[in-house]
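Student: build me a model:
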Amino acid sequence: MNDQEPKKTEAPEEFLSRWSRRKKEAREQPMAAKPFAETPATQAQPPVLPPVEGLNIESDFRGFLHPKVDESLRRAALNKLFQEPHFNVMDGLDTYIDDYSVSDPIPEAMLKQMKHAQDIIVAGEERRAEAKKLEEAEAKQQRLAAASGEESSSESALPAEVQEPAADVFVEKTEVPEQQNKNPRPV
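Tutor: Here you go, the predicted model:
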């Protein structure tokens, strides 16, 4: 086709009519008219195969993959092929071949740190539980005080103060020797 000649554009109706005509012609032609070559897969008999014991990496294994070959013979030949050292080389990309069922022991320092963190968490939970009990007790006392205040009109309407119990934490105060305070800090 020359570049100088303008391209012929077909109308959509012409294209569709030609396509329809070709499709009808293809349906009318018999399928047997198309010749096909006989391939090894379409042969009636399986190919002659060498003994499996004599196979090596240079052997031709295509005959063992023929559909007419017995499945057990095919598997035996492929097993022989994949037992070759060429196919038994680790590639280094097998990340999941290690035995992960045996874990490394945790170092002693890390165990101590984990135990310390656990003690802190448990102590915090205990403190929160005690604080919740105290709040519930205070609320109950306030309700009782409010109820008793309603019963007797001579008492004041304000609830009595509830003293909070002392904390369980004991802080020992130590005296600082006089010599350490001789150098006053500028303020």
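Student: which parts of this protein are helices?
Tutor: All helices of the chain, identified by DSSP state H, fall at 12-28, 71-82, 108-151.
Student: the last one - what's its average pLDDT?
Tutor: For helix 108-151, the mean per-residue pLDDT is 90.
Student: ok, now the second one?
Tutor: Averaging pLDDT along helix 71-82 gives 93.
Student: contacts for it, please.
Tutor: Contact with helix 71-82 is made by 49, 52-53, 55, 57, 59, 61, 64-65, 87-88, as judged by CB atoms under 8 Å, 6 or more residues apart in numbering. C-betas here are computed from N, CA, C, even on glycine.
Student: rerun that using 6 Å as the cut-off
Tutor: 52, 55, 61, 64 (CB atoms under 6 Å, 6 or more residues apart in numbering).
Student: please, a ChimeraX command that selects the buried ones among those?
Tutor: Burial among these is assessed by 16 or more other CB atoms under 10 Å; the matching ChimeraX selection reads:
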select :52,55,64
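Student: farthest pair in the contacts of helix 71-82?
Tutor: For those, the farthest-apart pair by CB to CB is 52 and 61; their separation is 10.4 Å.
Student: ranking the helices of the chain by burial, who's on top?
Tutor: Ranked by mean neighbour count, these are led by helix 71-82 with a mean of 14 (mean count of other CB atoms under 10 Å).
Student: closest one to residue 96 among the helices of the chain?
Tutor: Of those, the one closest to residue 96 (CB to CB) turns out to be helix 71-82, at 20.1 Å.
Student: neighbours of residue 106, how many?
Tutor: For residue 106, the neighbour count with other CB atoms under 10 Å is 9.
Student: thinking again about what came up before, turn the helices of the chain into JSON lines, including distance to residue 99.
Tutor: Shown next, in JSON lines, are the helices of the chain (distance: least, CB to CB, whole Å):
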{"stretch": "helix 12-28", "distance to residue 99": "63"}
{"stretch": "helix 71-82", "distance to residue 99": "24"}
{"stretch": "helix 108-151", "distance to residue 99": "22"}
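Student: closest to residue 94 out of those?
Tutor: When these are compared by CB to CB, helix 71-82 sits nearest residue 94, at 15.9 Å.
Student: for residue 136, see how far away residue 58 is.
Tutor: 86 Å (CB to CB, to the nearest Å).
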